[in-house]
Structures are given as C-alpha cells and as structure tokens.
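>>> Predicted model follows, preceded by the sequence.
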Amino acid sequence: MSQQAISALKFWSVKKVALLALLIAPLGVAQEPLLPMNSLSPQAALELAQTSMASCRSAGYQVAVAVVDRMGVTQVMLRDRYAGPHTPDTAARKAWTAVSFRNDTLTLSRNTQAGSEQSGARMKANPER
C-alpha cells in the first residue's frame with residue numbers, strides 16, 4: 001500500500017469518527033440532568049399497609065407488613081401484636097426482593113418453584129447460620 005493510500009485511509013477514518021461525534025453530541029446535550037420519579041406518599045403507603053394487615057387478620061393470620069419504595073427502602077412497617085419477632089425483617093426482605101425482581105411476591109413464588117428455570121433464585125438453607 002502506498003504512503004498516499006495510507007494517509008487517505010487515516011484521513012477518512014478520522015473524518016468518520018469526527019462526523020459520528022458531531023452527530024451524537026447533540027443527543028447528550030438534549031437530555032435532562034434530572035428525571036422525575038413517582039413515589040407513594042407516606043399516607044398512601046400507610047393505608048396500603050393497614051389494608052393488607054386487616055386482610056390478613058380477617059383470614060386469621062398475625063403478620064408484619066412492609067411497604068417499600070421503588071428502591072426497596074422501607075416506607076412503612078406494621079407488626080401485628082402476636083406476629084413473631086422475625087416477621088418485620090422477613091416482610092421487609094420479601095418486599096425488597098419483589099422490587100429487585102420487579103414482580104409481585106405471588107408471581108415470584110410461582111416462578112421460582114422447584115424444577116422451574118428460575119428456581120435458582122431461591123436461597124438455600126445455610127447450615128452455618
């Protein structure tokens with residue numbers, strides 16, 4: 001390959017990269033620096049937790065109820081009077097798992113049954129704990 005051909009190839013490669021940069025640059029400038037995000041109000045989260053607890057009570061269950069935001073941070077935690085001491089932590093972890101898998105817990109339970117493709121998502125018992 002001649003020196004002139006190599007120079008021309010380098011020129012066109014640099015030119016293409018520069019053109020691509022010019023085309024992409026306006027896309028980055030047009031984006032908003034902050035994005036709006038919807039979140040439950042504390043009142044709505046509390047009402048949701050209270051309604052869930054009332055439903056469980058009417059079915060004869062003593063439970064803890066956790067309502068988390070879209071990042072998995074607990075907004076409301078309610079524990080019924082006779083629910084076990086482990087239930088608040090379990091409820092918060094279950095709610096966090098639902099958020100991280102972007103699925104409700106009933107669907108998550110169905111999808112992770114033994115023998116299914118997603119069964120590996122279930123945590124196995126750790127005898128060292």
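Received, thanks. Residues are numbered from 1 along each chain as shown.
>>> what's the span of stretch 35-44, first residue to last?
One end of stretch 35-44 to the other measures 22 Å (CA to CA, to the nearest Å).
>>> Would you mark the buried spots in it?
Neighbour-count burial for stretch 35-44 flags residue 40 (criterion: 16 or more other CB atoms under 10 Å). C-beta: built from backbone N, CA, C; applies to glycine.
>>> how much space between residue 99 and residue 69?
Distance from residue 99 to residue 69, counting by CB to CB, to the nearest Å: 8 Å.
>>> per-residue confidence averaged over stretch 96-115?
Stretch 96-115 carries an average pLDDT of 85.
>>> then that stretch to CSV, C-alphas only?
What follows is stretch 96-115, C-alpha atoms only, in CSV (Å, rounded to 0.1, in the frame of the first residue of the first chain):
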residue,chain,number,x,y,z
TRP,A,96,-37.2,-5.7,48.8
THR,A,97,-37.0,-8.9,46.8
ALA,A,98,-40.2,-8.2,45.0
VAL,A,99,-38.9,-4.7,44.0
SER,A,100,-35.5,-6.1,42.9
PHE,A,101,-37.1,-8.7,40.7
ARG,A,102,-39.8,-6.2,39.5
ASN,A,103,-42.5,-8.8,40.3
ASP,A,104,-45.2,-9.2,42.9
THR,A,105,-44.4,-11.9,45.5
LEU,A,106,-47.1,-14.3,44.4
THR,A,107,-45.8,-14.4,40.8
LEU,A,108,-42.2,-14.6,42.2
SER,A,109,-43.2,-17.6,44.3
ARG,A,110,-44.8,-19.3,41.3
ASN,A,111,-41.9,-18.6,39.0
THR,A,112,-39.3,-20.0,41.4
GLN,A,113,-40.8,-23.3,42.3
ALA,A,114,-38.5,-26.3,42.3
GLY,A,115,-37.9,-27.6,38.8
